[in-house]
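Chemist: got a structure for you, letters missing:
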Ligand SMILES: Cc1cc2nc3c(=O)[nH]c(=O)nc-3n(C[C@H](O)[C@H](O)[C@H](O)COP(=O)(O)O)c2cc1C
């Protein structure tokens with residue numbers, strides 16, 4: 001099919017619309033951020049890009065800390081609200097009904113209703129143009145115990161996370177495969193051996 005050629009644009013999708021908390025337990029704010037990403041595995045590093053005009057920008061810059069709260073589809077309205085209104089004028093915790101919970105390492109609260117939070121400490125602030133990129137180390141992870149199976153393995157699919165693509169919110173669809181599944185040996189169909197012969201049951 002023919003492609004139309006446009007000039008460069010940051011049209012990357014889908015991305016995670018996360019709720020970033022900042023401040024402290026008394027004076028906390030939430031900003032919705034979709035320009036968020038993983039930068040490195042070990043040490044664990046992530047980034048968020050925030051416009052300097054946002055109320056949260058000064059708070060994160062001054063305190064050098066924030067938390068990335070992963071957003072389940074059930075919180076789509078709260079997530080959108082935190083991306084429309086400014087903490088300079090409204091208390092977004094009070095308005096959305098979301099609850100603050102103390103984090104384990106950083107001073108800013110995490111959101112009790114979010115199933116998983118990454119506690120982040122800012123390493124660098126890199127101006128990009130419209131947004132400044134906050135490069136941060138993940139210094140703690142807070143995970144709801146209901147996401148762990150009996151062996152302590154994280155089952156993130158239970159979190160019901162959502163995605164953001166081209167200005168719209170989506171819940172995640174069906175699982176298509178696991179990491180590396182395309183290289184895995186095919187399992188024989190049920191009741192058959194790898195050589196295709198029927199398994200005889202006694
Ligand atoms: C889905 C969504 C994603 C957003 N992503 C970003 C982002 O990545 N960076 C940013 O600076 N603002 C982003 N915004 C806008 C801010 O969340 C919005 O301006 C917010 O009201 C700022 O809050 P604050 O003034 O309390 O900090 C986004 C908004 C929405 C709804």
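Modeler: Perfect, thanks for sending it. This is a predicted model, so every value here is computed, not measured. Residues are numbered from 1 along each chain as shown.

Chemist: So stretch 48-56, near the ligand or not?
Modeler: Yes: for stretch 48-56 and the ligand, the contact criterion (Cβ under 6 Å from any ligand atom) is met by 49, 50, 51, 54, 55, 56. All C-beta atoms are positioned from the backbone trio N, CA, C, and that covers glycine.

Chemist: Could you export those to a markdown table, including columns for distance to residue 146?
Modeler: Listed next are the residues of stretch 48-56 next to the ligand as a markdown table, based on distance: Cβ to Cβ, whole Å:
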| residue | distance to residue 146 |
| --- | --- |
| 49 | 31 |
| 50 | 31 |
| 51 | 35 |
| 54 | 32 |
| 55 | 33 |
| 56 | 29 |
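
Chemist: Between all of those, which two are separated the most?
Modeler: For those, the maximum inter-member distance is 15.8 Å, found between 49 and 55 (Cβ to Cβ).

Chemist: Tell me the one of the residues of stretch 48-56 next to the ligand nearest residue 176?
Modeler: Ranked by distance to residue 176 (Cβ to Cβ), the residues of stretch 48-56 next to the ligand are led by residue 49 at 28.6 Å.

Chemist: Can you name the residues bridging to the closest one?
Modeler: Per DSSP bridges, the residues bridged to residue 49 are residue 133.

Chemist: what sits against it?
Modeler: By Cβ atoms under 8 Å, 6 or more residues apart in numbering, the residues touching residue 49 are 33, 35, 36, 128, 131, 132, 133, 134.
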